[in-house]
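**Q** here is the input, now give the coordinates:
(2 chains)
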Amino acid sequence: MQNSRYIARHVVNLPKSGIRDFFEIVAKMKDVISLGIGEPDFDTPWHIREAAIYALEKGRTHYTSNLGLIELRRAINRYVEKNFAITYKPEDEILVTVGVSEALDVAFRAFVNPGDMVMFHQPCYVSYSPSITLVHGEAIPVPTFAKDNFALTAEALRAAWQPGAKLLVLNLPCNPTGGTCSREQIKAIAKFAVEKDLLVLSDEIYSELTFEGQHTSIASIPGMKDRVIFLHGFSKAFAMTGWRIGYACGPAPLIEAMMKVHQYSMMCASIISQEAAIEALVRGEDAMKSMRDQYHRRRDFIVRRFNEIGLKCHLPRGSFYAFPDVSSTGQNEKEFAVGLLESERVAMVPGTAFGANGAGFCRACFATSYEHLIEASDRIERHVQSLAAAPAVAALK
Amino acid sequence: MKPIVKLLLEGHGLNTARMAQLLNLSEAEIERQMEELKEQRILLGFRPVLNIAHEDSGVVRAVIEVRVTPERGGGFNRLADRISRFDEVESCYLMSGGYDLLVFVNGASLQKVAGFVSEKLSTLEGILSTATHFMLRSYKENGFLLESKPGSNDRLKVTP
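**A** The predicted structure is shown next:
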C-alpha cells in the first residue's frame, strides 16, 4: 500500500522525536530505573481527584464556554495576580486550554503567517520547533550555554535575530536544562522584545518549581503585558499531567484570536479537568509546596552526585531536571545514554533530543523516589568508572 | 523544621546510610542528630504500621471517652498521666467538647478491655464517666490505606 502519498509534505518532512527513538529502546528493557520521565512521580493530590469525582456525581458532564468555566478563569486571575503580580480580566483575557501544549499550538496558529520567524531558546522542549514547522513558520533557535547555567541572554538573542522575526518563545524554568533567568536578565530580554517588536509566548509551566530566588514572569515587567501571552498549566506544580489542562492569558484581542482557533478545533477543555483545576488553585498550595520541598532535596542530592561522579552538572534553579555534561567520559550523549542503559539499566535522555546544542549533555529527571535516585546514581558512577578503565584495558591488550 | 525531621516525616523508612547520602552528611552525624532528637523527646521511637486484621491476632481495640474532674493546680494532667501509664492504653489525648480525655485501648479480648474499663479506669478517683466504643474495622492506619493497594503509577518509561 502506498498510502503515504496522502500525507502532507510538511508532515512527511517533520523529524521523528528523539525522545520517541529512545523510548522505543527503553520500552523493550526490564528493570530500568528511568530518569527519562518528564512528569511528576506523585499522583494528583487526593482532594483534587475527589473534586473531579464530585463534579461527575453532580452531572457536570457538558460543554463549557469556549474560554473555559468562568469560575476557573476567576480562580486563574486570583492565582496569577498573587503569584506572578499580573492581572488579567477573567471575562476576555484568559483562555483555558488542553494543557500548555494546546495553548502553544493555538498561539502559533493564531499569530504565525507562513514564513514568519519564531525565535526560541535551545535546548528546549521537544515540540517547539515542530509546532512552528506545522504552521509553516520558520524556527530560529537561540543557543543557551552551560557557562550561563543555561539562562537565555539578550546577547544570544541579538546574535540570532534575523529580519522577519515576529515571535519569541520563552520557557523559564526550562525543560530540559532547568535554566532560569534573573529579573535583570528578564528585563534585558523584555527590552530586546520591545526593540524588535516581538510578541512573546512565555511558557511558565515550571515556575512554581523554582528553588532559588523569586520567579519573574516577563509579563510582569512594566510595559510588557501588551506583548506577552502568559502560558501556564497544572501538570507540573499540581502533578496533573494526565488531566491535560492549562491556560493562556494575554491582551483581549490576542486571546480572542486564539479562542477562534481553539473553538473550531478543541471547543473547550474537559469540564472534569476544569473542575479539578479550580480545586487545585483554591486549595492546592500546601500539597504543591510539599512536593516542591521533595524535588528540592532530590535536586540537591542528584546534582551533587553527578559532580562527585565527574559529570559536571550546573545547579538547575528550577524544574525537575538536571542536565549533566557527559562529554568528560569521551563519549557523545547518545553513546553514553545507550551504554548506560545497556550496562546498568538506567535511562537518561540524550541532550540532542532537545536540540542540536544539547550535544554532550543528558537530561536526568529527578522526579522519582529517593531510593531510585540513590540507586541510579550508584549505577551511573559504576558505568563512568568502567568507561574510564576501558581505554587502559584496551591499551594493555 | 530540621531537614532530618522532614525526611523522617515523609515516611520513606530510609536507613541511616540513605539519609546520610540524601542530606550530604556523614552517617555518624545522622546518628548524632537522631540521638539528639531522642534526648529532646522529639523522636520517641519507631513502630511498624500493621494491618492487624490480616494477622488474626485477636486484638480488640476500643476508644473511650472519659469525663473527669479537673484538679486545682494540675488541671487534667495528673489523671491523664496516670491513665496513660497503663499498658492497655495506646494513646491518650485531652479534648475539647463533650468529654475531656480520649483514650485508645488495646486488649486481647472484649472481656479484657471491658474489665480494664470497669475495674481500672472508671474506679480512679476523679473519673466522672466513661463511654466505650469498640472498633469494628480499620480503613486507614497512620496514613496507610488498608483495603486499597497504592496506585500502580504506571508512568511511561520516557516522556518529553
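**Q** every contact and neighbour count from this point should use C-alpha atoms.
**A** Fine.
**Q** could you measure from the most centrally placed residue in chain A over to A:Trp46?
**A** In chain A, the centroid-proximal residue (CA atoms, centre = their mean) is A:Asn175; its distance is 4.3 Å. Noted for A:Asn175: a distance of 27 Å to A:Trp46, by CA to CA, to the nearest Å.
**Q** cool, and A:Tyr321?
**A** 25 Å.
**Q** the two - which one has more neighbours?
**A** A:Tyr321 (30 against 10; other CA atoms under 10 Å in any protein chain shown).
**Q** can you pull the contacts of the more buried one?
**A** Shown in contact with A:Tyr321 (CA atoms under 8 Å, 6 or more residues apart in numbering or on different chains): A:Asn175, A:Pro176, A:Thr177, A:Gly178, A:Arg299, A:Arg363, A:Ala364, A:Cys365, A:Phe366.
**Q** tabulate the residues you listed in a markdown table, adding columns for distance to B:Asn106 and secondary structure.
**A** Shown next, in a markdown table, are the contacts of A:Tyr321 (distance: CA to CA, whole Å; DSSP: H, G, I helix; E, B strand; the rest coil):
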| residue | distance to B:Asn106 | secondary structure |
| --- | --- | --- |
| A:Asn175 | 53 | coil |
| A:Pro176 | 53 | coil |
| A:Thr177 | 54 | coil |
| A:Gly178 | 52 | coil |
| A:Arg299 | 43 | helix |
| A:Arg363 | 52 | strand |
| A:Ala364 | 48 | strand |
| A:Cys365 | 46 | strand |
| A:Phe366 | 43 | coil |
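**Q** of these, just say which sits nearest to A:Ile245.
**A** A:Ile245 has its nearest neighbour among these in A:Asn175, at 18.2 Å by CA to CA.
**Q** next up, the contacts around the closest one.
**A** Contacts of A:Asn175 by CA under 8 Å, 6+ apart are A:Pro123, A:Cys124, A:Tyr125, A:Ser319, A:Tyr321.
**Q** same thing but at 6 Å, please
**A** By CA atoms under 6 Å, 6 or more residues apart in numbering or on different chains, the residues touching A:Asn175 are A:Cys124, A:Tyr125.
**Q** quick one: it from A:Gln2, how far?
**A** 38 Å.
**Q** next: B:Leu8.
**A** 61 Å.
**Q** between these two, which one's more packed in?
**A** Neighbour totals were compared for B:Leu8 and A:Gln2, and B:Leu8 leads with 13 against 5 (other CA under 10 Å).
**Q** need phi/psi at the more buried one.
**A** phi -60, psi -40 (degrees, to the nearest 10).
**Q** in what helix or strand does the most centrally placed residue in chain B lie?
**A** Central residue of chain B (CA atoms, centre = their mean): B:Ser91, 6.0 Å from the mean position. Per DSSP states H and E: B:Ser91 is located in strand B:89-94.
**Q** walk me through which strands that strand pairs with, and which way each runs.
**A** Sheet partners assigned to strand B:89-94 using DSSP bridges are listed as strand B:101-107 (antiparallel).
**Q** now do the longest helix seen in chain A: distance to the chain's middle.
**A** Ranked by residue count under DSSP state H, the longest helix found in chain A is helix A:370-396. Here the centre of helix A:370-396 is set off from its chain's centre by 30 Å, with CA atoms, centre = their mean, to the nearest Å.
**Q** also stretch A:204-222?
**A** 13 Å.
**Q** three-state assignment of the closest residue to chain B within the stretch 101-250 of chain A?
**A** When scored by CA to the nearest CA, the stretch 101-250 of chain A has A:Val126 as its residue closest to chain B, at 6.6 Å. The local conformation at A:Val126, judged by DSSP: H, G, I helix; E, B strand; the rest coil, is coil.
**Q** got the contact list for it?
**A** A:Phe354.
**Q** before we move on, back to that, measure the residue nearest to the centre of chain A to B:His133 for me?
**A** 54 Å.
**Q** then A:Ser265?
**A** For A:Ser265, the distance to B:His133 - CA to CA - is 59 Å.
**Q** try A:Glu335
**A** 65 Å.
**Q** helix or strand for B:Ser129, just tell me which one.
**A** Assigned by DSSP H and E, B:Ser129 belongs to strand B:127-134.
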